[in-house]
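Asker: A predicted structure for the sequence below; I have some questions about it.
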Amino acid sequence: MTEVGFLLLTFRTREIVYLNTEEHMVIAVLNSGDTAWMLMSTALVMLMTIPGLALFYAGLVKKETVLNTLFLSFSAYAMVSIIWFVYGYPLVFGPDVHGFIGAPGDFFFHNVVESNTLVGSIPTSVYAAFEMTFAAITVALISGAIIGRMKFSAWMLFVPLWATFVYLPVAHWVWGGGWLAQLGALDFAGGTVVHINSGVAALALCLVLRGRKDRSMLPHQLGYAIMGAGLLWFGWFGFNAGSALSAGPLAGSAFIVTNTSAAAAMLSWMLIEYLRFGKATMLGAASGIVAGLVAITPAAGFVNIPAAIVIGFVTSIVSYTAISFIKPRLGYDDALDVFGIHGLSGIWGALAVGIFASPFINAAGTGLAYGNPGQLEIQAVAVAATFAYSFVVTLIIAKAIDLTIGLRVSEEQEAQGLDQALHDEAAYHI
Amino acid sequence: MAIVRPNKLEVIKEALDDIGCPSLTVTEVKGRGRQKGITEIYRGREYAIDLLPKLEINIVIPDGAASKVVDTIAKAARTGEIGDGKIFIMDVEQVVRIRTGERDHDAI
């Protein structure tokens, strides 16, 4: 009997799972219920980017730049779609190389679909497609910070470089058996890999790009943004509950806490606005929803409902403070608050796992509230590592693009609006 | 030409129908006079909006009918609050009906 001891800790292990118990070896078997749910989840997460995120961002910009803003999300999704299956997937989920990256191989996904392997109880093909949608939305999220002033060619170059040199390693560290996974970091659906990663990258990119001349936010079609937020909420059930990789109680638990955190965060944001201005705003409520969904993302499969309420409620305070007080004071032009919402709520959520992870929800996670302070320390390491790596490497990529083809449009183009300047298109005609 | 509150359009149109003067052109405009602006809030930032939505109504009528039409519009559009709007009376040099080519009084 060979000793192959892989304990399914992070729900993202590749290949067939072996549980060695002395007497027998158990091999995972295809479960069509799980597979059906995972196919559905994959489509749900795709919907989050297209058109969920695209609309959420596009509604907030001026009408002369709406098409470019949509285009950033769509182009990111398409490019990552290809990259993922040409070389991306094994770099995340392949055999670990020194904790940093997966071993490259299976180019163009060669033979992977045909060989009919499983990841847990679902086909590798389904698992890979699911993971692809996460990579895609992570890149698309960054676009919110740079709207109105970035060259389209620069964005088309930024996407593959960032996906390759930032997303792939970080995803491997946390989900592919890399050093953070080995350390015991918990991230159910992407607090670090998706939200901190993209939020911090957005900050780095907008620092190199510098700010717009006109930083007013007068949404030209706030209805789009609200519809986008609704689509995001809906799709997030695939994002979080789908990260259970199974159609069962863990998915159900993740589903509930996802909804709960979003609702609590929405009400919390409304309360903050009411206390500050005497009125709740629809955009504020939508922003709260997204913040709540971000914060619960790393925690969705580890926490119970009271924890979800706290996580959601607190996260709006965190993000609201960042947007309304820190951003104006520090002066960076994170146009649509990617760092403020995804970065900071992601940090809170990732740390909250270390506090609230309940072994009764998921045996893999025990937090401070259940007597284990060690998890919080590990979470802090994961947060710090993701923050530092994403910030530095994004800065390098941004600077490299700026020094070669240039990042920014001209002043005239910025004033005119990017739809005409970069695409010869207009969203509205008389 | 009349600048009026948007919510007064239906009342104005009815009143003009009643005096047999139904033709008009309406444009959505923004403007300011002495009416105070409003505040809008997006992502925690307040914006002072001093251009308020109004409607611009353009009507071309024979000189003789002018004062009756002006009175009708003013009465229908009035609320008594600041922001009711203004009416500008201007000369029109020529009028052409596009379909028939008729000119001036035949074209109104």
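Answerer: Cool, the structure landed. Numbers count the residues shown, from 1 in each chain, chains lettered A, B, ... in the order given.
Asker: So which residues on chain A come close to chain B?
Answerer: Selection of chain A residues close to chain B by CB under 8 Å from any CB of the partner chain yields A:60, A:216-219, A:273, A:276-277, A:279, A:281, A:283-284, A:287, A:320, A:323-324, A:328, A:337. (Each C-beta comes from the backbone N, C-alpha and C, glycine too.)
Asker: buried subset of those residues?
Answerer: A:60, A:217, A:219, A:273, A:281, A:283-284, A:287, A:320, A:323-324, A:337 (16 or more other CB atoms under 10 Å in any protein chain shown).
Asker: Surely B:Lys8 and B:Ile73 touch.
Answerer: No - B:Lys8 is beyond contact range of B:Ile73, at 9.3 Å (criterion: CB atoms under 8 Å).
Asker: For chain A, what's the nearest residue on chain B?
Answerer: Among the residues of chain B, B:Gly44 lies closest to chain A, at 3.5 Å counting by CB to the nearest CB.
Asker: Got the phi and psi for that residue?
Answerer: Per-residue torsions, B:Gly44: phi 80, psi 0 (degrees, to the nearest 10).
Asker: Next, the contact list for it, please.
Answerer: A:273, A:276, A:284, A:320, A:323-324 (CB atoms under 8 Å, 6 or more residues apart in numbering or on different chains).
Asker: What's the separation between it and A:Gly288?
Answerer: 12 Å (CB to CB, to the nearest Å).
Asker: of all the contacts of B:Gly44, which comes closest to A:Val86?
Answerer: Using CB to CB, A:Ile323 comes nearest to A:Val86 of the contacts of B:Gly44, at 37.3 Å.
Asker: Would you agree that closest one falls within a strand?
Answerer: No - applying DSSP: H, G, I helix; E, B strand; the rest coil, one finds A:Ile323 to be helix, outside a strand.
Asker: A:Ala427 reaches A:Thr69, doesn't it?
Answerer: No - A:Ala427 is beyond contact range of A:Thr69, at 9.9 Å (criterion: CB under 8 Å).
Asker: So if I had to pick from the two, which one is more boxed in?
Answerer: Between A:Ala427 and A:Thr69, A:Thr69 has the larger neighbour count (other CB atoms under 10 Å in any protein chain shown), namely 28 against 17.
Asker: Secondary structure element for that one, which one?
Answerer: Element membership for A:Thr69 (DSSP states H and E) is helix A:66-83.
Asker: And for whichever helix or strand comes after that helix, what's in contact with it?
Answerer: Next helix or strand after helix A:66-83 toward the C-terminus (DSSP H and E): helix A:89-93. By CB under 8 Å, 6+ apart, the residues outside helix A:89-93 that reach it are A:12, A:14, A:101-106, A:109, A:112, A:128, A:131-132, A:135, A:164, A:168-169, A:171-172, A:175-177.
Asker: Next: stretch B:55-64.
Answerer: Residues contacting stretch B:55-64 (CB under 8 Å, 6+ apart): B:1-6, B:8-9, B:12, B:16, B:21, B:23-29, B:69, B:73, B:92, B:95, B:105, B:108.
Asker: Go through it and flag the buried ones.
Answerer: For stretch B:55-64, the buried set under the neighbour-count rule, 16+ other CB under 10 Å, comprises B:55-57, B:59.
Asker: cool, and stretch A:380-400?
Answerer: A:382-383, A:385-387, A:389-391, A:393-395, A:397-398.
Asker: The residues you listed into CSV, with extra columns for pLDDT and secondary structure?
Answerer: Converted to CSV, the buried residues of stretch A:380-400 look like this (pLDDT from 0 to 100; DSSP: H, G, I helix; E, B strand; the rest coil):
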residue, pLDDT, secondary structure
A:Ala382, 98, helix
A:Val383, 98, helix
A:Ala385, 98, helix
A:Thr386, 98, helix
A:Phe387, 98, helix
A:Tyr389, 98, helix
A:Ser390, 98, helix
A:Phe391, 98, helix
A:Val393, 98, helix
A:Thr394, 98, helix
A:Leu395, 98, helix
A:Ile397, 98, helix
A:Ala398, 98, helix
